[in-house]
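Q: Kindly return the folded structure for what I paste below:
(chains A and B)
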2 protein chains.
Amino acid sequence: MPTTQTHPSPVTWQTIVEAHERIRERIHRTPVLTSRSLNALSGAQLFFKCENLQKTGSFKIRGASNAILSLSDSEASRGIVTLSSGNHGAAVACVASWRGVPAWIVMPKDTPAVKCRAVESYGGKIIYSEPTITSRKETAARVQAETGAVLIHPYDDDRILAGQATAAKELLEEVPDLDFVIAPVSGGGLLSGTSLSAKHMRPQIKVYGGEPERADDAYRSMETGTLQAQDASDTIADGLRACLSPRTFAILQKHLDGVLLVSEKEILAAMHLIWQRMKIVIEPSSAVALAPVLRNDGPAWKGKIGIILSGGNVELA
Amino acid sequence: MPTTQTHPSPVTWQTIVEAHERIRERIHRTPVLTSRSLNALSGAQLFFKCENLQKTGSFKIRGASNAILSLSDSEASRGIVTLSSGNHGAAVACVASWRGVPAWIVMPKDTPAVKCRAVESYGGKIIYSEPTITSRKETAARVQAETGAVLIHPYDDDRILAGQATAAKELLEEVPDLDFVIAPVSGGGLLSGTSLSAKHMRPQIKVYGGEPERADDAYRSMETGTLQAQDASDTIADGLRACLSPRTFAILQKHLDGVLLVSEKEILAAMHLIWQRMKIVIEPSSAVALAPVLRNDGPAWKGKIGIILSGGNVELA
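A: Reported below is the predicted structural model:
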């Protein structure tokens, strides 16, 4: 897929600060919640950055608004195309509607209905693809060729990374003395942005990614030092089926302390705990960031741990 | 059942302020959340006071902490007994544990398991009764006679009412120009406290109760001007099966603008909307306060409406 990257400069603290200024008035500064019972269960102090309470129900509005609000009027007027398993698509559709331009969203046909309805509710036009990464890329390229729209990739774009980095920036502004921060990893947009902000603001912090065993390309990439592929995955964490790009992999190799794999059962248990104890709705992808803290075979969890709850768009059956 | 009321003075603004001072450091000042999509659906501006995010998962900790922290050491040392379909029981067990004294909680045997586990997690001792109000009262009286414990009634107690009134006090402090406030009604502790605070702080405000059609004693009492009974009810809003007491009825007759009945279907639809759009977990009893706003046959809803979401303790099946 051709890249749309028009600013090849690496993401710096300055571009993250500028992104935050650009999007601050458009998005929610989401709350950081705590839970005594989850602290007791984990033996640590947990600080949950609640991007499930963000506009459009996930952190994706941060990157999408930074990227789309950066476009010139003539660029934006051609419309936006993207490929997304859901949350990025909803975010792009929402920001495109703010700018009054069309948005075409390529989504795998097994996307949960709730995420499709969200895209449509913001006026986005859904183009269905097969659920493989190959099919999704090909479909997006075809739509782009047919419409002339600007492609905003969900994570292989420095403007997206700078936007996603603002979630951890807000978290560290509120809790400056975190010992750890954990975010889910899929394409690596959120996690690489998180690592850039966190290591800049607190160099001694440890940054981990949580990843489903059933979509473990980031783990394998970090272990082997070579970017690994991931095609179709059936993990319940439907937002985490993408794989790293060279851009996000390079940042993670530099800044990440490790990727922690979790089973489907652990994802469901962590999701259930958060619903039950914190009374907030999160999607399975969010639970992937808490699950590693609830067991004893990873890092020695103690002190203050920031957990980025990435979204809350889940089918309520 | 003998009353435990030792301070027969009516609840005044001064007692509400004192209650707030007494409990403020022990409880959460819960957030007031808004939702653009629910505003659009209702045609009004909605302000949700999120007592589902309160300690123990409901507003009940407000009254329980005011009542139990008011006891002398010698009174408290005898232990506490109460009767509760769940949330008041958990709150009493929690506050009793703060004071290091035992708590016996009489619960109907059809109480959702999640509410029983909550009572036990705070160290409360559950005594099961039949699900009728008669059986619950008799069982509580028996336990009180056997143990010598102090009875803290869930709502027929001015200290409880003053505590529950602090939720609306916080809501009006944050959104002073509300046109309406709606709270669910069961025994009337929350609703009478809400009406006392709201009418004191903003005399022109309209205060309504939301009540399930299947447990409509407050509606019938207000319509007839005579306290009506309610025995067993099977409404899904399991927290709303109690009936008014003379104490709460008298306050509601003076201050309430009306009771709005909602069907089981409307309760479920409102609950689903809040989970889906606001990404917070509420129990069915909470949804009863939103449901009337989503239809067109009640008051002409416009302007700013405060909605008290009473709790979030629901079985996640």
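Q: Check the residue of the stretch 1-150 of chain A found nearest chain B and give its pLDDT.
A: Using CB to the nearest CB, the closest approach of the stretch 1-150 of chain A to chain B is made by A:Asn52 at 4.8 Å. Where C-beta positions appear, they are placed from N, C-alpha and C, glycine not excepted. Note for A:Asn52: predicted pLDDT of 96.
Q: Could you check how many residues crowd around it?
A: Number of residues near A:Asn52 (other CB atoms under 10 Å in any protein chain shown) recorded here: 25.
Q: A:Ala165 contacts A:Gly189, doesn't it?
A: No. Here A:Ala165 does not reach A:Gly189: they are 9.2 Å apart, not a contact under CB atoms under 8 Å.
Q: distance between the least confident helix or strand in chain A by mean pLDDT and the chain's centre?
A: Ranked by mean pLDDT, DSSP states H and E, the weakest helix or strand in chain A is helix A:113-121, scoring a mean of 88. Centre-to-centre, helix A:113-121 and its host chain are 18 Å apart (CA atoms, centre = their mean, to the nearest Å).
Q: Chain B contacts on the stretch 1-150 of chain A?
A: Proximity of the stretch 1-150 of chain A to chain B (CB under 8 Å from any CB of the partner chain) is limited to residues A:Pro31, A:Leu33, A:Asn52, A:Leu53, A:Gly57, A:Val114.
Q: Now for the spatially closest residue to the fifth one that is not a sequence neighbour, which secondary structure element holds it?
A: Read it as A:Gly57. Spatially, and ignoring its direct neighbours in sequence, A:Gly57 is nearest to A:Asn313 (4.4 Å; CB to CB, 6 or more residues apart in numbering or on different chains). In this structure, A:Asn313 sits in neither a helix nor a strand according to DSSP states H and E.
Q: quick one, what contacts the nearest residue to A:Arg214 once chain neighbours are set aside?
A: Counting by CB to CB, 6+ apart, A:Arg214 lies nearest to A:Thr235, which is 4.0 Å off, once chain neighbours are set aside. With CB atoms under 8 Å, 6 or more residues apart in numbering or on different chains as the criterion, the residues that contact A:Thr235 are A:Pro212, A:Glu213, A:Arg214, A:Ala215, A:Arg241, A:Glu264, A:Ile267, A:Pro284.
Q: so the fourth one sits right up against A:Val185, yeah?
A: No. Taking CB under 8 Å as the contact criterion, A:Ala215 and A:Val185 are not neighbours in contact, 9.2 Å apart.
Q: Name the residues contacting each of those two.
A: Common neighbours of A:Ala215 and A:Val185 (CB under 8 Å, 6+ apart) are A:Leu240.
Q: Which one's more surrounded, those two?
A: When neighbours are counted by other CB under 10 Å, A:Ala215 and A:Val185 differ, and A:Val185 comes out ahead with 35 against 25.
Q: Any chance of the backbone angles for that one?
A: phi -130, psi 130 (degrees, to the nearest 10).
Q: Same check on A:Lys302?
A: Dihedral angles (degrees, to the nearest 10) for A:Lys302: phi -160, psi 170.
Q: Kindly provide the distance from it to chain B.
A: Here A:Lys302 is placed at a distance of 24 Å from chain B (CB to the nearest CB, to the nearest Å).
Q: quick revisit: most neighbours, which of the residues of the stretch 1-150 of chain A next to chain B?
A: Neighbour max across the residues of the stretch 1-150 of chain A next to chain B (other CB under 10 Å) = A:Gly57, 29 neighbours.
Q: wait, isn't it in contact with A:Ala90?
A: Yes. Between A:Gly57 and A:Ala90 a contact is recorded at 7.2 Å, counting by CB under 8 Å.
Q: overlap in contacts of the two?
A: Here A:Gly57 and A:Ala90 share the contacting residues A:Ala118, A:Asn313, scored by CB under 8 Å, 6+ apart.
Q: Check which residues of stretch A:238-252 are buried.
A: Of the residues in stretch A:238-252, A:238-245, A:247-249, A:251-252 count as buried by neighbour count, 16 or more other CB atoms under 10 Å in any protein chain shown.
Q: Check stretch A:81-91 too.
A: A:Val81, A:Thr82, A:Leu83, A:Ser84, A:Ser85, A:Gly86, A:Asn87, A:His88, A:Gly89, A:Ala90, A:Ala91.
Q: quick revisit: quick one, whichever helix or strand comes after the least confident helix or strand of chain A and helix A:113-121 angle?
A: Counting by DSSP H and E, the element after helix A:113-121 in chain order, helix or strand, is strand A:125-129. Strand A:125-129 runs at 140 degrees relative to helix A:113-121, counting by axes from the mean of the first three to the mean of the last three CA atoms, to 10 degrees.
Q: who does strand A:125-129 touch, helix- and strand-wise?
A: Packing contacts for strand A:125-129, counted by 3 or more CB pairs under 8 Å, 6 or more residues apart in numbering or on different chains; DSSP states H and E, involve strand A:103-108, helix A:113-121, helix A:133-147.
Q: Out of the ones you listed, which gets the lowest mean score?
A: Mean pLDDT values for these show the minimum at helix A:113-121, a mean of 88.
Q: For that one, enumerate the helices and strands it packs against.
A: If contacts are counted by 3+ CB pairs under 8 Å, 6+ apart, helix A:113-121 sits against helix A:87-99, strand A:103-108, strand A:125-129.
Q: between the last one and helix A:87-99, how many degrees?
A: Spelled out, it's strand A:125-129. On the basis of the same axes, to 10 degrees, strand A:125-129 is oriented at 150 degrees to helix A:87-99.
Q: Can you mark which positions in strand A:125-129 are buried?
A: Within strand A:125-129, the residues that qualify as buried are A:Ile126, A:Ile127, A:Tyr128, A:Ser129, counting by 16+ other CB under 10 Å.
Q: Which residues of the stretch 151-300 of chain A lie near chain B?
A: So the stretch 151-300 of chain A meets chain B at A:His272, A:Trp275, A:Gln276, A:Met278, A:Lys279, A:Ile280, A:Val281, A:Ile282 (CB under 8 Å from any CB).
Q: Contacts only, for the nearest residue to A:Thr111 once chain neighbours are set aside.
A: Closest residue to A:Thr111 apart from its sequence neighbours, by CB to CB, 6+ apart: A:Gly86 at 5.4 Å. Neighbouring residues of A:Gly86 by CB under 8 Å, 6+ apart: A:Met107, A:Thr111, A:Pro112, A:Lys115, A:Cys116, A:Ala118, A:Val119, A:Asp238, A:Gly239, A:Asn313.
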